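Student: Generate coordinates for the sequence data below:
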Amino acid sequence: MYNFFGMNILVTGGAGFIGSRLADRLVEKKYNVTVVDNLFSGSRGNLKYIDKIQFLEGDIRDESIVNRCLKGQDAVIHLAAIISIPYSMIYPDETFDVNSVGTLKLLKEALKNNISRFIFISTCAVYGEARYLPIDEEHPLDPLSPYASSKLFGEYFCVRYSRLYKFPTLIYRVFNVYGPGQGYSDYSGVITKFINRVMNGAPPIIYGDGYQTRDFIYLDDIVDAVIMGIEYKQRRQQIFNIGSGRATSIIDLAKMILDLMDMKSLKPIHEEKRKGDIVHSHANIARVRIELGFEPKISLKEGLKRTIEEFRALKK
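Tutor: Numbers count the residues shown, from 1 in each chain. This is a model prediction of the structure:
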């Protein structure tokens with residue numbers, strides 16, 4: 001029986017959207033938390049318990065930073081990454097350097113430090129266009145963007161380390177995560193963009209016909225899944241889809257947001273489909289249900305309500 005109380009856990013990218021919520025939850029669960037983040041897209045202000053967290057500002061491509069932050073750790077949750085598909089199309093070399101080479105550097109140092117659990121946060125984008133739905137973990141891999149390819153290389157390194165060195169890695173292929181605290185920029189996710197535009201009296205912009213589908217998973221459900229992975233008793237290498245298990249079309253999403261924000265008079269604008277975007281995405285989450293007992297708790301409607309409420313509170 002493992003004793004998880006008081007474990008030392010490193011969260012890379014821990015000042016970002018998912019990482020900060022995860023770091024705060026780990027503090028609440030009495031873990032000892034270290035965060036490393038270069039603040040490219042994250043912020044110290046995202047961390048509620050910054051005074052209880054050891055925070056290191058640095059880049060995972062810097063070997064001295066990696067060496068320093070892994071000393072004395074028991075587990076690593078690796079979130080640090082460039083996550084925008086459009087950004088990766090413009091800066092593919094940087095994306096590969098951060099997402100692939102950075103992951104390899106962490107794995108090398110984690111092995112030296114006898115880390116007991118390494119959780120790599122990957123993406124459903126590694127599947128490319130769906131050949132069947134829902135997508136399970138055995139679905140063929142066909143990344144369509146530099147971002148997706150860089151994440152697949154990160155996965156490959158994790159699998160190699162597990163097989164060659166019996167190093168315990170878990171890979172989470174996360175579908176479309178959303179929730180309060182998700183920053184707004186040109187590279188934001190569709191939900192954040194829709195809410196921000198409607199908040200400002202502008203209609204949502206849909207790229208393509210709107211009948212493309214996504215599997216939206218609420219932030220707190222992702223955090224629950226990661227914590228379950230830390231406490232997962234099996235030490236074998238494993239890959240899990242992390243999603244809601246439900247498909248939602250982008251046009252239905254827009255209608256739902258307009259309805260929740262009482263802005264039905266706004267009609268979505270359609271623009272040309274973007275390069276690198278897939279058509280359909282829908283997770284089969286049977287494996288993670290069986291292995292970890294994971295079950296998403298927050299419905300899309302409830303999650304959107306919470307996200308919209310935070311946007312409104314910030315605007316006041």
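Student: Help me confirm that Y31 comes into contact with I9.
Tutor: Yes: judged on Cβ atoms under 8 Å, Y31 makes contact with I9 at a distance of 5.0 Å. For the C-beta atoms, the positions are set from N, CA and C on the backbone; glycine is no exception.
Student: So the residue sitting furthest away from the middle of the chain, which state does it fall into?
Tutor: Residue farthest from the centre of the chain, counting by Cα atoms, centre = their mean, is S265 at 33.0 Å. Following DSSP: H, G, I helix; E, B strand; the rest coil, the label given to S265 is coil.
Student: Then L10?
Tutor: Assignment for L10 (three-state DSSP): strand.
Student: Might you list the low-confidence residue ranges for this structure?
Tutor: Along the chain, the model assigns pLDDT under 70 to residues 1-5, 185-187, 276, 316.
Student: Name the nearest residue to Y211, ignoring sequence neighbours.
Tutor: Spatially, and ignoring its direct neighbours in sequence, Y211 is nearest to S249 (5.3 Å; Cβ to Cβ, 6 or more residues apart in numbering).
Student: Let me see the contact set for the one you found.
Tutor: The neighbours of S249, taking Cβ atoms under 8 Å, 6 or more residues apart in numbering as the test, are 210-213.
Student: Please report how far it lies from V223.
Tutor: Distance check for S249 against V223: by Cβ to Cβ, to the nearest Å, it reads 26 Å.
Student: With G293 instead?
Tutor: On the measure of Cβ to Cβ, G293 and V223 end up 15 Å apart.
Student: Of those two, give the one with the bigger neighbour count.
Tutor: Just comparing G293 and V223: by other Cβ atoms under 10 Å the higher neighbour count belongs to V223, 20 against 9.
Student: and the angle from the helix or strand where that one lies to strand 8-12?
Tutor: If you go by DSSP states H and E, V223 is part of helix 219-230. Angle of helix 219-230 versus strand 8-12, following axes from the mean of the first three to the mean of the last three Cα atoms, to 10 degrees, is 130 degrees.
Student: which helices and strands sit right next to helix 219-230?
Tutor: helix 17-28, strand 75-78, strand 117-123, strand 169-174, strand 176-178, strand 238-242, helix 286-292 (3 or more Cβ pairs under 8 Å, 6 or more residues apart in numbering; DSSP states H and E).
Student: which residues sit in contact with the closest residue to K48 other than its chain neighbours?
Tutor: Once flanking residues are discounted, K48 sits nearest to D24: 4.6 Å by Cβ to Cβ, 6+ apart. Going by Cβ under 8 Å, 6+ apart, D24 touches 47-49.
Student: Write a PyMOL command that selects only the buried members of the residues you listed.
Tutor: Typed into PyMOL, the line below selects the buried ones among the contacts of D24, using 16 or more other Cβ atoms under 10 Å:
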select buried, resi 47
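Student: looking at this, D97 is in a helix?
Tutor: Yes: if the criterion is three-state DSSP, then D97 is within a helix.
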